[in-house]
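**Student:** After the sequence you'll find the predicted model.
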Amino acid sequence: MIQKYKKLFCSINNPQILKSTSNKSPAQLSFLYQPCSQTTRENPPNLIILHGIMGSSKNFRGISHNQKIASKVNTYLLDLRNHGKSGHKDSMSYPEMVEDVHEFLFQNDLLDDDNIFLGHSMGGRLTMEFATRYPYYVKGAIVVDLAPYNYFEDKRFTFIDEMAGMMERLTKIELSKDITALRNDIISASLSKEIGEVIATNIVPDGQGGYKWRINLEAINKNFKSQVVNLEYKGTNKYKGPVRVILGCNSEYTSRDIVPSFHKVFENLNEEKDVYFVSKAGHWVHYNQPYVFIDLVSDFLDKFENSR
């Protein structure tokens, strides 16, 4: 009942709330919840974490459990559509995923402005899309190692074709093997051992003595080039709130000269104060340099101390 009235109140004050950008029903999103560890802190904000492609809610558990983070926020680690334990759909455009997240906020009584979004890679692009679509639910945004940039036209960036090739190889892996051989096949098909180990976490028992993909690999593969890596932001809305951009110095997804593309999304971005390049880190910044990453996130969260 509280949620019903809250949604009605929000729809009156923000008429866009009931206008979905998709004609299809949202995917039901699974998530992990971690309450703020500082029990004496009243009404901590919520940190909503969105993983990258082929990832899951588990990717950021180590980050969220660190006391520099856990003592400041309630954390929701989401599985995005076609990932983890969340609903499977044939399509996965960013407007559709925005509505998935919006429905998650509604179902969990989070329709307010006390949500700080942290998104890595695909999750970072989704964070940008959500913040421009529903800015009144976003207190702050952290984007990790992906720009709202037209990567297709810049020949320096080869990760799109490399990822597409990897997914084609993954779809051809025979699953009727023992788990050790299966994991080795996944790692061999992947772009690196690090990526392969993350992808291998998506293999689960099928209940019949074998294994299956937990992710909807077919849909992810089908939509990869047409939707998932269509990363350039072409909207007209801009997010005016606080932002932090965290990029890996050694990442194949970023370059210092594409940083200006973030101005398409973030109206008040200050490149000197809001954009951080982390040394000795690739695309998986939070794995390569976890303590630096935690400090950057923790420092950003400090902006919202006593803001409620």
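**Tutor:** That came through fine. Numbers count the residues shown, from 1 in each chain.
**Student:** got the residue ranges for the helices in the stretch 101-250 of the chain?
**Tutor:** Listed in chain order, the helices found in the stretch 101-250 of the chain under DSSP state H, counting those that start in this stretch are 122-133, 159-171, 179-189, 193-200, 217-223.
**Student:** can you pull the buried residues of the fourth one?
**Tutor:** Put plainly, it is helix 193-200. Ile195, Gly196, Val198, Ile199, Ala200 (16 or more other CB atoms under 10 Å). Yep, even glycine has a C-beta here, placed from its N, CA and C like the rest.
**Student:** Show the low-confidence segments of this structure, by residue range.
**Tutor:** Within the chain, the ranges that satisfy pLDDT under 70 run 1-23, 306-308.
**Student:** Pick out the residue closest to the middle of it.
**Tutor:** Computing the C-alpha centroid of the chain and ranking residues by CA atoms, centre = their mean puts Gly123 first, at 2.0 Å.
**Student:** Distance check, that one against Phe277.
**Tutor:** When CB to CB, to the nearest Å is applied, the distance between Gly123 and Phe277 equals 19 Å.
**Student:** Now do the contacts for Leu231.
**Tutor:** Leu231 makes contacts with Arg125, Leu146, Ala147, Pro148, Tyr149, Asn150, Tyr151, as judged by CB atoms under 8 Å, 6 or more residues apart in numbering.
**Student:** Number of residues surrounding the spatially closest residue to Leu47 that is not a sequence neighbour?
**Tutor:** Taking CB to CB, 6 or more residues apart in numbering, and ignoring the residues beside it in sequence, Leu47 has Val73 as its nearest neighbour in space, at 4.1 Å. The burial count assigned to Val73 is 27, neighbours taken as other CB atoms under 10 Å.
**Student:** do the same with Gly235
**Tutor:** Counted with other CB under 10 Å, the neighbours of Gly235 add up to 12.
**Student:** For Thr236, see how far away the residue lying closest to it once chain neighbours are set aside is.
**Tutor:** Closest residue to Gly235 apart from its sequence neighbours, by CB to CB, 6+ apart: Thr132 at 5.6 Å. Remark: distance between Thr132 and Thr236 (CB to CB) = 9 Å.
**Student:** Please name the nearest non-neighbouring residue to the residue nearest to the centre of the chain.
**Tutor:** Closest residue to Gly123 apart from its sequence neighbours, by CB to CB, 6+ apart: Leu50 at 3.1 Å.
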